[in-house]
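[1] Here is the input, now give the coordinates:
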Amino acid sequence: AVVVGVIVSALVFAWEHAKHINVTSYIDDNGSKIYELNGPLFFGSVKNFRDLFSPEDDPDDVIIEFQNSRVADHSAIEAIDSLAEQYIKAGKKLHLRHLSEECKQLLDKAGNLVEVNRLEDPSYHVADDKLA
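    Got it, this is the predicted structure:
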């Protein structure tokens, strides 16, 4: 019973911790508002994600930085798509930056509402066991 309690407690802690997504925001030298996300974007963190943004108060150009975040599922894609619609209705432009290739593939299904800035995206390589 103690082991089951420890496992359940660990799972609850992991779930509560995983659904939090943190953001740091600032205005860059070009006048764009940058939102730097930290944490995974998935069905458990979508509500917190939506609460982070205020399209009516943001400048005309907004960048969401995904370097420390990952788009994990369809709920996340819908949240980004919905957010893009809000920015379009407000007459503003939304950019997504530093998405992983997997995230880009998921977002290709989201349509053309969101501009994905691929110029600044790094290229990641998977480490293998081969020695050079």
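[2] can you list the weak-confidence ranges in the chain?
    8-20, 106, 109-132 (pLDDT under 70).
[3] any idea which helix or strand comes after the longest strand seen in it?
    For the chain, the longest strand by residue count, based on DSSP state E, is strand 61-68. Note on strand 61-68: by DSSP states H and E, the next helix or strand toward the C-terminus is helix 74-89.
[4] List the buried residues for that following helix?
    75-77, 79-80, 83-84, 86-87 (16 or more other Cβ atoms under 10 Å). Just so you know, the C-beta spots here come from the backbone N, C-alpha and C atoms, and that holds for glycine as well.
[5] Could the C-alpha coordinates of it be exported in PDB?
    What follows is helix 74-89, C-alpha atoms only, in PDB (Å, rounded to 0.1, in the frame of the first residue of the first chain):
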ATOM      1  CA  HIS A  74      -3.300  18.200 -31.400                       C
ATOM      2  CA  SER A  75      -4.700  20.200 -28.500                       C
ATOM      3  CA  ALA A  76      -1.500  22.300 -28.600                       C
ATOM      4  CA  ILE A  77      -1.900  22.900 -32.300                       C
ATOM      5  CA  GLU A  78      -5.500  24.000 -31.800                       C
ATOM      6  CA  ALA A  79      -4.400  26.400 -29.100                       C
ATOM      7  CA  ILE A  80      -1.700  27.900 -31.300                       C
ATOM      8  CA  ASP A  81      -4.200  28.100 -34.200                       C
ATOM      9  CA  SER A  82      -6.800  29.800 -32.000                       C
ATOM     10  CA  LEU A  83      -4.200  32.200 -30.700                       C
ATOM     11  CA  ALA A  84      -3.200  33.100 -34.300                       C
ATOM     12  CA  GLU A  85      -6.800  33.800 -35.100                       C
ATOM     13  CA  GLN A  86      -7.000  36.200 -32.100                       C
ATOM     14  CA  TYR A  87      -3.900  38.100 -33.400                       C
ATOM     15  CA  ILE A  88      -5.300  38.200 -36.900                       C
ATOM     16  CA  LYS A  89      -8.600  39.700 -35.700                       C
END
